[in-house]
Every structure is written in C-alpha cells, then in structure tokens.
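Visitor: what would the 3D arrangement of this be:
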Amino acid sequence: MDKEEISRLIISSQEGDEKAFNELYNSTNSVIYHSIYSILNDRDLSLDVVQETYLKVLKNKMKSSENGLAYLITIAKNLALNVLKSRNREIPIDFEEEELMYRKVEDKEYSNDLHIQDVMDKYLSQNQKELIRLHVMEGLTHREIALKLNKPIGTIMWQYNEAIKELRKRMSV
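Guide: Next comes the predicted model:
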C-alpha cells in the first residue's frame, strides 16, 4: 500500500470511518509492531504501544500533505521511546523484600507495632496507596491497573515505583 493511500485511510479513520480504520490497521500493524519491537525488545509492551499508537492517531489530526506511514511510525517510535525511558527509571523489586515491608517495622522513628499501612497512610498519596493495593494485595499487573484506571501503562509503572521508593525511604528497608 502506498503512502498516499495510508494517508487517506488515516484521515478517513480520524473522521470516524470504521472500515478505513480496519483497513489501515490491517495493512500497517505489522510494520508498526516491528518498528516498536526493535526499540523495546518486549512482545507484550510492544503490543501495548501498538494499541496506544492507533489510539493516538485517532485523537490527533494529520495534515493531508504528510506521509501517512512516516506519521504512524513516528508516533509509534516516540511512544516506544517514552516506555523505554520509563522502564529505565523503574526500580527492580525483590518480592521477598517487598513481603518484608508488610511485616512490623522496626525503626527508631516509629514504635515496634507500626505496620506498613501506617507508613502508607502518613506518607503516600491516595493514588499511590491505591496502586500498591491493586498491584500487591489484589495481584493485578501494571497493564491491568492501567486499563482499570484508564491511564497509560508507563504512568502507572512510574507512579508505582515512586510509591515503593518513598516506602523504602521512610522504612529504611
């Protein structure tokens, strides 16, 4: 499919033409996936970014003079780079260490009976407490949380890691 046809399909899709969107997706998703995968090297994250790419394409208006395929690939690569950047900010979590955080805290600042819930209530925002509850206590993945809260997965992962960093700081774990 040539770039003019892809551009036409993008513009039609942005105007609400479902058939054009399906044709656009079917003819370009493989190229988009591989361009994202070449950056992330992670199948699941790449599939998430493919979906985000098409959602962003539908929300933003493309100029009719733009190369449609280049437009799609640019959006996809930018989203992939954002995910990659947020992954680099993540803190690897040792699940055994995380379980220890839910036991009694023995810290000079707090009594021996203080539990992690008290620390969370004192130092974390409501959003941070919710993310920890959903991920740790309910066992949801970051992707499931992102879908549930209607937020990008990168935002969820970043906010969760910030909450864990704050807990570690406050608990000296």
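
Visitor: hey, let's count contacts and neighbours off CA atoms from now on
Guide: OK.

Visitor: run a quick neighbour tally on the residue nearest to M157 when sequence neighbours are not counted.
Guide: Closest residue in space to M157, ignoring its immediate chain neighbours: H142 at 6.3 Å, by Cα to Cα, 6 or more residues apart in numbering. Close neighbours of H142, defined as other Cα atoms under 10 Å, add up to 19.

Visitor: quick one: contacts for the residue most central in space within the chain?
Guide: Ranked by distance to the mean C-alpha position of the chain (Cα atoms, centre = their mean), the top residue is I153 at 1.6 Å. If you count contacts by Cα atoms under 8 Å, 6 or more residues apart in numbering, I153 has them with 142-143, 145-146.

Visitor: which one of the residues you listed is nearest K56?
Guide: Of all these, the one sitting nearest K56 is A146; the distance, using Cα to Cα, is 16.1 Å.

Visitor: okay, the closest one: pLDDT?
Guide: A146 carries a pLDDT score of 91 in this model.

Visitor: quick check: which element contains it?
Guide: In this assignment (DSSP states H and E), A146 forms part of helix 142-149.

Visitor: which residue ranges of this protein form helices?
Guide: Applying DSSP state H to the chain gives helices spanning 3-14, 18-40, 43-59, 68-89, 95-100, 116-123, 126-132, 142-149, 153-171.

Visitor: can you tell me which of these has the worst average pLDDT?
Guide: Mean pLDDT across those is lowest at helix 95-100; the value there is a mean of 55.

Visitor: burial check on K61, number of neighbours?
Guide: 12.

Visitor: pretty sure it contacts Q14?
Guide: Yes: when contacts are counted by Cα atoms under 8 Å, K61 is listed as touching Q14 (6.9 Å).

Visitor: identify each buried residue in stretch 20-37, please.
Guide: Applying a neighbour-count criterion of 16 or more other Cα atoms under 10 Å, one finds 20-21, 24-25, 29, 32-37 buried in stretch 20-37.

Visitor: let me see the contact set for the spatially closest residue to Y37 that is not a sequence neighbour.
Guide: Leaving aside its sequence neighbours, Y37 sits nearest to S46 (Cα to Cα, 6+ apart; 5.4 Å). S46 makes contacts with 33, 36-37, 40, 80, as judged by Cα under 8 Å, 6+ apart.

Visitor: if we use 10 Å, what do you get?
Guide: 32-40, 52, 76, 79-80, 83 (Cα atoms under 10 Å, 6 or more residues apart in numbering).

Visitor: same question for N78.
Guide: N78 neighbours (Cα under 10 Å, 6+ apart): 36, 49, 53, 84.

Visitor: quick one: which of the residues you listed is nearest to E4?
Guide: Distances from E4 to the contacts of N78, taken by Cα to Cα, are shortest for T53, at 19.3 Å.
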